[in-house]
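A.B. asks: What follows is a predicted protein model with its sequence.
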Amino acid sequence: MTDAAETSLDAFAEDGDAPVGMIYGEVGTNGFRFGVTRKVERSDYVVVDHPDVGPVLCQVGSIVRKTNLTLDKSLEMDPDARIEEKLSAQADVIGYRDEKGLLQVPRTTFKAGSDVRLADAKFIKKVLGLKDNPRTCAYVGLLRGYDMPLMLDINELVQRHVCILAKTGGGKSYISGDIIEELMKHDVTCMIIDPHGEYGAMRDPGSTTDPRFGVKPRGFADRILEFGMIDAPNVRPLKFTFKTLDARDILDLLSSTDTKTHLPTLKKAIDALREKKGLYSVRDLIDEVNEETNGRNPVLVSELEYLDSIGLFAERGNHIDELVQKGKTTIINLKGVSPDIQQMIVRRWCTVLFEMRKLNRVPPMMMVIEEAHNYCPQAEATSCRKALGTIASEGRKFGLGLMVISQRPAKIDKNVLSQCGTQIILKVTNPNDLKAIAQSMEGLTDGMEQDIQGLPIGTALIVGAGIQTPMLAEVRPRESRHGGASVSILEED
């Protein structure tokens, strides 16, 4: 018998805490049913004494109220008549810590007739292996039902990648902001692809306070760099060197599909420019195309004129040292930028950062991709899907982490989703999205799938980054201002 088996169950129960039920019926190694004698709720943690290994942590799944009331009786009975009823609950086994500190599941069953008790915070923390080192962990909230801080290991967040999934309005951008706040407080270098221009609001302090969570409003203006193509305070111009694009790259940005005609012309014009000058602009390329074709390709010239009007390309673009600074968070604000240009920007930055990390030219960092289903979709070969897939599969070896955020899990490239070792799930109701989550998330029970559909705003299911089994968290308030709040159409009096 192990040391754990010799420890009394009472050591892990609240003082004077009576059993909440008793195991009955068929008992398996992964779960059991128990008759409920005191109040217990779905997702509560309970503890049962196992004959071989001692106290074992379990979690309440479904709860059923059984009565003697049939349809016929309900139509005939007196409204004041007494209804006999009993509560039965399903519990899923989580496990125990062995003498080496490893999480194990008993290989034999519990005994029918064993008492089921509510687990206390000390035992829950021990078995779940919850970390609480503020130097290396990110504080994201409280374990639901318990005033116990839930912290994610930052090294694992970056090394094993993260996905944050929820339906529209489910709070995915809110909790991603929590994590980014923690990364900034720990001087972790980040780059955020921000298609809606929301994350710049993190410069300003928030307004939400709740003493339960122990956080206070603060802004992060000293940690944020923002680049974009809009004229706004604190947003620096985003520029790419046009010379870095080859003929096929340029064609990907044009709406014309006449590749057979345009590709040779572009290649010839680019080769000529490279012989004439080291750096060149879109306008230089337009002039060269006109010269090569004697003005007989107005369609291609018109497309290039549009590209020039965007203002993204210049002879000299932003230097990597300007955009990526150690300990800073860089926001690439793509608000108002067309989808094809957004994809080109994401592809360029994914490729550049991956190559720079391989050469140790930039610090270890996290790349955050909002609306990830637009950049690495499952059913469409976008220009940036391959680059994101490379970071997902190989980035961890070079210290380049990936955080993908999406409202449509079923539409994200499954290869990218499967590489995310940390998964944060908020409310999701679409059947296809639920199926995609169930296929990618380890340890997800049927009860948890039901929980995902009914999660209230502000509650998330989390696994990974030091959390070995999926658990529900009450998301902490943002310290900084949330820029993704919904806009009210009508104001109340």
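C.D. replies: Nice, thanks for sending it over.
A.B. asks: which stretches of this structure have low pLDDT?
C.D. replies: Applying pLDDT under 70 to the chain flags the ranges 1-16, 255-256, 442-448, 485-493.
A.B. asks: Break it down into its domains, please.
C.D. replies: The chain resolves into domains spanning 3-128, 137-236+323-475, 241-314 when parsed by automatic domain parsing.
A.B. asks: Most tightly packed of those?
C.D. replies: Per-residue neighbour counts averaged over each of the domains of the chain give the maximum for domain 137-236+323-475, namely a mean of 19 (mean count of other CB atoms under 10 Å). Just so you know, the C-beta spots here come from the backbone N, C-alpha and C atoms, and that holds for glycine as well.
A.B. asks: Now do that one: distance to the chain's middle.
C.D. replies: Here domain 137-236+323-475 shows a centroid-to-chain-centroid distance of 4 Å under the convention CA atoms, centre = their mean, to the nearest Å.
A.B. asks: Any chance of TSV for the domains of the chain, columns distance to H482?
C.D. replies: Written out in TSV, the entries for the domains of the chain read as follows (distance: least, CB to CB, whole Å):
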stretch	distance to H482
domain 3-128	26
domain 137-236+323-475	6
domain 241-314	28
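A.B. asks: out of those, nearest to G483?
C.D. replies: Shortest distance between G483 and those, using CB to CB, is found for domain 137-236+323-475: 3.0 Å.
A.B. asks: what's the span of that closest one, first residue to last?
C.D. replies: One end of domain 137-236+323-475 sits 15 Å from the other (CA to CA, to the nearest Å).
A.B. asks: now stretch 130-139
C.D. replies: With CA to CA applied, stretch 130-139 spans 11 Å between its terminal residues.
A.B. asks: List the contacts of that stretch.
C.D. replies: For stretch 130-139, the external contacting residues (CB atoms under 8 Å, 6 or more residues apart in numbering) are 124, 143, 148-155, 157, 178-179, 182-183, 186, 215, 465-467, 476.
A.B. asks: Now name the helix or strand holding M403.
C.D. replies: Assigned by DSSP states H and E, M403 falls within strand 400-406.
A.B. asks: Mind giving me the packing neighbours of that strand?
C.D. replies: For strand 400-406, the contact count by 3 or more CB pairs under 8 Å, 6 or more residues apart in numbering; DSSP states H and E identifies helix 154-160, strand 162-165, helix 172-185, helix 339-358, strand 365-369, helix 385-394, helix 414-418 as packing neighbours.
A.B. asks: Between helix 172-185 and that strand, find me the angle.
C.D. replies: Between the direction of strand 400-406 and that of helix 172-185, the angle (axes from the mean of the first three to the mean of the last three CA atoms, to 10 degrees) works out to 160 degrees.
A.B. asks: How much space separates G317 from V352?
C.D. replies: 11 Å (CB to CB, to the nearest Å).
A.B. asks: The helices and strands packed on strand 400-406 into JSON lines, with extra columns for distance to D222?
C.D. replies: Conversion of those to JSON lines gives the following (distance: least, CB to CB, whole Å):
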{"stretch": "helix 154-160", "distance to D222": "20"}
{"stretch": "strand 162-165", "distance to D222": "25"}
{"stretch": "helix 172-185", "distance to D222": "9"}
{"stretch": "helix 339-358", "distance to D222": "23"}
{"stretch": "strand 365-369", "distance to D222": "18"}
{"stretch": "helix 385-394", "distance to D222": "28"}
{"stretch": "helix 414-418", "distance to D222": "32"}
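A.B. asks: what secondary structure does R212 sit in?
C.D. replies: Reduced to three states with DSSP: H, G, I helix; E, B strand; the rest coil, the structure at R212 is coil.
A.B. asks: For it, list the residues it contacts.
C.D. replies: Each residue near R212 by CB under 8 Å, 6+ apart is listed here: 142, 147.
A.B. asks: next one: phi and psi at it?
C.D. replies: Summarising the backbone geometry of R212 under the convention degrees, to the nearest 10, its torsions are phi -60, psi -30.
A.B. asks: what sits opposite M367 in the beta ladder?
C.D. replies: Taking DSSP bridges as the rule, M367 bridges to M191, L402.
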